[in-house]
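Chemist: Next come a sequence and a model predicted from it.
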Amino acid sequence: MVDLSVDLGNLHLQYPTLMGSGCYGSGEEFAPFVDLSRIGAVVLKSVTRQPRLGNPTPRLVHTPAGMLNAIGLQNPGIDWYLEHDVAKFADRPCVVIGSVAGFSVDDYAYTVEKLAARDEIKAIELNISCPNVASEGETFACDPNLTGKVVRAARAATGKTLIVKLSPNVTDIGAIAREAQAAGADALAVINTVRGMSIDVDLMRPRLGNVTGGLSGPAIRPIAVLAVYEVARAVTIPIVGQGGIETTRDAIEFFLAGASAVSIGTGNFTDPRIPMRIVDELAEFLRRRNVRSLKQIVGKANVGFANPYQYEGDEG
Amino acid sequence: MVDLSVDLGNLHLQYPTLMGSGCYGSGEEFAPFVDLSRIGAVVLKSVTRQPRLGNPTPRLVHTPAGMLNAIGLQNPGIDWYLEHDVAKFADRPCVVIGSVAGFSVDDYAYTVEKLAARDEIKAIELNISCPNVASEGETFACDPNLTGKVVRAARAATGKTLIVKLSPNVTDIGAIAREAQAAGADALAVINTVRGMSIDVDLMRPRLGNVTGGLSGPAIRPIAVLAVYEVARAVTIPIVGQGGIETTRDAIEFFLAGASAVSIGTGNFTDPRIPMRIVDELAEFLRRRNVRSLKQIVGKANVGFANPYQYEGDEG
Amino acid sequence: MPTISSAPTVHTVRITDRRELAPGVVVLGFDAPEMVRVTRPGAFVMVIPPGGESAATALGIYEADGRRASVLFFVVGKRTQELAEMRVGDELGVVGPLGNGFSLDGLSDVAIVAGGVGIASVLLPAQALVASGARVRLYYGARSAELLVDRERFAREGCEVLVSTDDGSMGHSGYITDLLAQTDRRPDAILACGPTPMLRAVARVAAEMNVPAQLSLEETFACGVGGCWGCVVPLVGNSAQAPSFPPADRNGSDVVYARVCKEGPVFWAHELRW
Amino acid sequence: MPTISSAPTVHTVRITDRRELAPGVVVLGFDAPEMVRVTRPGAFVMVIPPGGESAATALGIYEADGRRASVLFFVVGKRTQELAEMRVGDELGVVGPLGNGFSLDGLSDVAIVAGGVGIASVLLPAQALVASGARVRLYYGARSAELLVDRERFAREGCEVLVSTDDGSMGHSGYITDLLAQTDRRPDAILACGPTPMLRAVARVAAEMNVPAQLSLEETFACGVGGCWGCVVPLVGNSAQAPSFPPADRNGSDVVYARVCKEGPVFWAHELRW
Ligand SMILES: Cc1cc2nc3c(=O)[nH]c(=O)nc-3n(C[C@H](O)[C@H](O)[C@H](O)COP(=O)(O)OP(=O)(O)OC[C@H]3O[C@@H](n4cnc5c(N)ncnc54)[C@H](O)[C@@H]3O)c2cc1C
Ligand SMILES: Cc1cc2nc3c(=O)[nH]c(=O)nc-3n(C[C@H](O)[C@H](O)[C@H](O)COP(=O)(O)OP(=O)(O)OC[C@H]3O[C@@H](n4cnc5c(N)ncnc54)[C@H](O)[C@@H]3O)c2cc1C
Ligand SMILES: Cc1cc2nc3c(=O)[nH]c(=O)nc-3n(C[C@H](O)[C@H](O)[C@H](O)COP(=O)(O)O)c2cc1C
Ligand SMILES: Cc1cc2nc3c(=O)[nH]c(=O)nc-3n(C[C@H](O)[C@H](O)[C@H](O)COP(=O)(O)O)c2cc1C
Ligand code: FES
Ligand code: FES
């Protein structure tokens, strides 16, 4: 028996695969044809303090090996959500993790406290890195100071596992990660989407109603693997790696880079069987190499290279 | 006759297509089968003050809709280059633009001055954004202050057109762009490669000898289009757009986003006929729409969208 | 609209037949008896890309009879190109049936409007209506005669078929909605599927005729099952199809974004606020 | 090594024939008389992806005779998969011939070592050597008997053929370099093409036998024509094949990175510092 389990703070997961926030609804949408008991956890669509209609349409564009989205955090707001939706998550055969977004430190604290108080919700992911809201949606994850502030407020609001989701759209993701850990994060989700844009050449206007959007899918995998690798060198808390995972080998790339768990978002749009396949094949991959626990390969991408030949002036 | 010409500072180009630095050698390599008189300009491989052996191998990895490279600025150093190589560029049937990289402000000033003094070189591109050198290769383009310093030094070293090449691996590319313009850049090249990494799952080690590399190709096109769009809003000097251009429609996306010219790098590895095809089809595209000059469509991606429906709390 | 989304499954099917109706217009038939059993007119499927290299593609269910279902599509990009290369005997993953279909109860005289590839979603409702004894007139428009694919099929199924082409190579020269607007006969209902500009025109004509119209919309999809909120369209807040959300009638507007894949793809024209 | 890179062109060719030598091993023949004319043993081509969706693929020129050239490849990833789907009559863009080939002048007894797909680059030198009257012994290794493709062809062309398989299903069970090391006959030269570990072993054996070895290397390519410096291998600084660079014999090393696509793909084993 290969041990695929992972601990994120005080949350124990039997399988190391989470379904990315905003990509999997509340799990119910996939339940008719996916065995939710075999997928690890669902991270719910991000919820905010106030209801949000979301961005104008179109909200999606397919791009080479990826897609742009600009949903704009459409959600009914925390009060309606608690009253009408959360109770339904009780009987999900997988772990349900809430996701909270906001526009001020106060927003985050308020929403986290209310949501985390519910038994149906086993952990909270703090989305401080949504690139698809006009104002300061992503600012938190772009500034170490703001990251510290908002994470401390969320930490004070709940004792449940707190996963902080980071943005790749920064000069130094390691610095932000360190700040998030110092402020009390139990784990980090790395990465949210990469900012991008696409223009319709015939209509001569942006393809997205929101003009800009977030890039996801295999196109960003090399960017995400590096971000995980760098964050793993900056912190000691576990990382949930994500960005373009579609196969078991993709997932292993993230484990080797330093992720303790992975998240699958856009991959579900290619084939909803991917998460179950990864869980099965991951066990098989480890078994074949006589590895008994997934934990043993986390961060094990040897980096023994060095330039054997140098000119005097060389830095590299 | 459609006018495809473009002016970058005092450099006049008949065609708006440049071949990306590091991707096209000195043009000679493609000359046996590409008509160089129809491609606009070649930006030479970046040269440094000292010779550089470059990074250990492997230096290339193919990724979904793109590739990672970590060449590490292999070059013979400016002195050897001036003595052995530059004279050969005299008879190229296209414009030849030099590219300079370095590790200190002094390096840049020294190398720019020497290279720009040569008649064979019609303009200088300042590569302050190479992600593939261990130490501070990219630092210049990641800090507005350093960008300002190095651009001022290069500006003082030559009166020829100075194109400053920016990095996408920053929180706010507009701020860097403004600094580069203020310091005297005549044009901006947007973008250099995006930092990334790939791990060999069987060998459990990074695929690149340099561990990390730069991502290019269609995968990064949405990132590059947005960068051009943002830089165009921050500066008034012309932009050379680049990142994943393979078709005429891709090129037009960049013009609409705000680029005055485009650069083709990785596209040449897919099909060396792409630049000639773009020049031909671009003229045809504009002719069909009764546009007489390419300049007329630069930056013409209308942005007339606004969210027509709002909840009270909405920011977007 | 009648829901069909309670029974979707991932079906691994084999291609049983492949026809090229016109250059770049392909019908792929496959064996999927359980899917046929629960399919309703207006349903669609998400076709998993055989190479695993892109997002799944939304396609209407064209035919559903016995053990066999089929999809009809136009080759417009990378994914439809990949599907066009499938051969008889190849295996394909198909998620469905999905979405809420057309509401056909009690209709006795129906105008169906199809533009181009929209034809793919209207055979099933046409068959069901004819079977229930309704009069069905198909208004079918395309760019050229060649692209008026399978028009005889609809005649054989018992529809009266009126056609138009953009280039005048067959039928009325111009938009199909011109014919709809000129009709002397006021149907009980209009069902339509096609490009968005055509659907907007249908909505206008239907409003003028004061006939309720059901429009099958197309949007770029990601998940196709209601999980991502990417495929939305603005709907009046009090629509029976509106998703569970607080009333959003502020700023003088009572709108909510509904998912084309989950609340749709068929919507009442008068409830759309697009 | 004799240069062939002065005459490369972008050829638009038609596939004239397609053979599947084993599951996943394909030969595509095409009509390219001008290319055949300037091809030398060891040359390669860059095949432009027909769908335009990925980088061009480096493939050795397998056959070159009259008007017809061919490539032989193993399906290992996306690009070779796409090429395997090409059919007779399809059009393909091919850049070549490229690279510096094997140096065959004055050789009278030659050992050619091919591992797996390396077989694709050694038919032309074998033919040229046999034609010049040399004795040619082919050492040919593969994973299994099935993958020892076209081995009879080499016998028919006049080579003595020795084989090995990893799984023992034909010939020597083990590495092909075992056979090379055991030989009682010392050739004038060794030519080799195959996976890097095999080439390293060939280099060792050749050094022990004191026979000059010419290795055709494989690296991941981008441009394939010397423009990007991505495909390099470390070479002694004073090699005749070293690119124009200042002597880099500092730190006790006299190395320079040479481009496999431009200075190679064939290098002298004793000049490599890998
Ligand atoms: C509910 C529903 C049902 C549907 N049913 C059917 C059906 O039954 N039959 C059918 O044929 N289709 C149907 N569609 C549409 C179908 O899903 C799309 O045509 C399909 O997804 C196209 O995928 P693709 O990868 O081939 O094309 P894409 O690459 O996604 O391109 C789609 C369109 O965008 C254009 N385009 C794409 N990229 C670019 C670019 N970079 N620059 C300029 N233009 C570009 C293409 O030219 C094309 O017109 C349906 C859609 C929905 C939502
Ligand atoms: C000069 C030269 C001549 C050549 N001649 C020939 C020839 O004659 N015939 C021939 O068959 N080949 C030849 N090759 C090799 C050929 O170019 C490569 O096999 C080809 O480029 C593979 O392309 P691909 O897209 O099919 O595979 P790629 O996707 O590039 O994969 C290549 C290898 O890497 C592995 N791989 C790729 N991606 C991953 C991943 N994410 N995780 C794990 N493994 C991965 C694949 O399994 C495969 O083994 C030659 C190469 C050179 C440089
Ligand atoms: C359509 C879509 C909607 C998303 N919505 C959210 C969201 O509400 N909150 C959030 O934290 N991340 C959101 N994301 C980001 C994903 O959870 C994930 O981090 C990212 O897409 C990268 O992973 P992937 O390539 O596997 O999709 C969304 C992504 C997509 C594609
Ligand atoms: C193999 C390779 C080598 C490169 N070398 C350089 C270089 O020396 N100097 C530089 O400024 N940019 C270099 N670049 C970046 C390109 O010039 C270009 O800016 C980038 O790749 C994005 O464009 P593309 O997607 O069209 O390639 C290199 C890119 C590649 C792929
Ligand atoms: S496509 Fe995801 S909700 Fe409709
Ligand atoms: S592949 Fe570009 S130099 Fe060899």
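Modeler: Ah, there it is. Ligands and ions are numbered 1, 2, ... in the order given.
Chemist: And the helices in chain A?
Modeler: A:78-80, A:105-116, A:144-157, A:173-182, A:221-234, A:248-257, A:267-270, A:274-288 (DSSP state H).
Chemist: which one of those lies closest to ligand 4?
Modeler: Evaluated with CB to the nearest ligand atom, those place helix A:221-234 nearest to ligand 4, the distance being 12.8 Å. (C-beta placed from N, C-alpha, C; glycine too.)
Chemist: close to chain D, is that closest one?
Modeler: No. Figure legend: helix A:221-234 not in contact with chain D (CB under 8 Å from any CB of the partner chain); closest approach 14.5 Å.
Chemist: now for the helices of chain A, which one comes closest to A:I199?
Modeler: helix A:221-234 (21.6 Å; CB to CB).
Chemist: Looking at that closest one now, give me its mean pLDDT.
Modeler: Mean pLDDT, helix A:221-234: 97.
Chemist: What of stretch A:9-25?
Modeler: The average pLDDT for stretch A:9-25 rounds to 97.
Chemist: and C:P41, how many neighbours?
Modeler: Counted with other CB atoms under 10 Å in any protein chain shown, residues neighbouring C:P41 total 25.
Chemist: Let me see the contact set for it.
Modeler: By CB atoms under 8 Å, 6 or more residues apart in numbering or on different chains, C:P41 lies in contact with C:101-102, C:104, C:124-125, C:127-128.
Chemist: burial count for the residue of chain C found nearest ligand 2?
Modeler: Chain C approaches ligand 2 most closely through C:E53 (11.9 Å), counting by CB to the nearest ligand atom. By the criterion of other CB under 10 Å, C:E53 has 17 neighbours.
Chemist: returning to that earlier point: quick check: of the contacts of C:P41, which lies closest to ligand 3?
Modeler: C:G101 (25.2 Å).
Chemist: Phi first, then psi, for the closest one.
Modeler: phi -90, psi -170 (degrees, to the nearest 10).
Chemist: separation between it and D:K262?
Modeler: To D:K262, C:G101 is 62 Å away according to CB to CB, to the nearest Å.
Chemist: Give me the phi and psi angles of the one residue in the stretch 101-250 of chain C that gets nearest to ligand 4.
Modeler: In the stretch 101-250 of chain C, no residue comes nearer to ligand 4 than C:T220, which is 24.6 Å away by CB to the nearest ligand atom. Dihedral angles phi and psi of C:T220 (degrees, to the nearest 10) take the values phi -70, psi 130.
Chemist: so the nearest residue to it once chain neighbours are set aside bridges to which residues?
Modeler: Nearest residue to C:T220, sequence neighbours excluded (CB to CB, 6 or more residues apart in numbering or on different chains): A:L60, at 4.4 Å. For A:L60, the beta-bridge partners are A:N69 (DSSP bridges).
Chemist: what sits against A:L60?
Modeler: A:67-69, A:208, C:219-222, C:228, C:230-231.
Chemist: now do A:R92
Modeler: A:26-28, A:31, A:36, A:42.
Chemist: Can you read off the pLDDT for the residue nearest to C:V47 when sequence neighbours are not counted?
Modeler: Nearest residue to C:V47, sequence neighbours excluded (CB to CB, 6+ apart): C:T57, at 4.8 Å. C:T57 is assigned a pLDDT of 97 by the prediction.
Chemist: Just the strands from the stretch 1-150 of chain A, written as ranges.
Modeler: Here the stretch 1-150 of chain A has its strands, by DSSP state E, counting those that start in this stretch, at A:6-8, A:11-13, A:17-19, A:41-43, A:60-63, A:66-69, A:95-100, A:123-127.
Chemist: contacting residues around the most centrally placed residue in chain A?
Modeler: The centroid of chain A falls nearest to A:A189 when counting by CA atoms, centre = their mean (4.4 Å). Neighbour list for A:A189: A:125, A:163-166, A:239-240, A:242, A:263 [criterion: CB under 8 Å, 6+ apart].
Chemist: One more: C:D150?
Modeler: Applying CB under 8 Å, 6+ apart, the residues near C:D150 are C:21, C:72, C:119, C:123.
Chemist: A:P56 is in contact with A:Q74, isn't it?
Modeler: No. Between A:P56 and A:Q74 there is no contact under CB atoms under 8 Å: 11.0 Å.
Chemist: So for those two, which sits in the more crowded spot?
Modeler: Remark: of A:P56 and A:Q74, A:Q74 carries more neighbours, 25 against 21, as counted by other CB under 10 Å.
Chemist: what sits against the residue lying closest to that one once chain neighbours are set aside?
Modeler: Leaving aside its sequence neighbours, A:Q74 sits nearest to A:G54 (CB to CB, 6+ apart; 2.8 Å). Counting by CB under 8 Å, 6+ apart, A:G54 touches A:71-75, B:316, C:229, C:232, C:257.
Chemist: Would you check how far apart A:G54 and ligand 2 are?
Modeler: 35 Å (CB to the nearest ligand atom, to the nearest Å).
Chemist: Run through the residues of the stretch 1-150 of chain A sitting next to chain C.
Modeler: Residues of the stretch 1-150 of chain A found near chain C (CB under 8 Å from any CB) are A:22-25, A:29-30, A:32-33, A:45, A:51, A:53-54, A:57-62, A:65, A:67, A:69, A:71, A:74, A:76-77, A:80, A:84-85.
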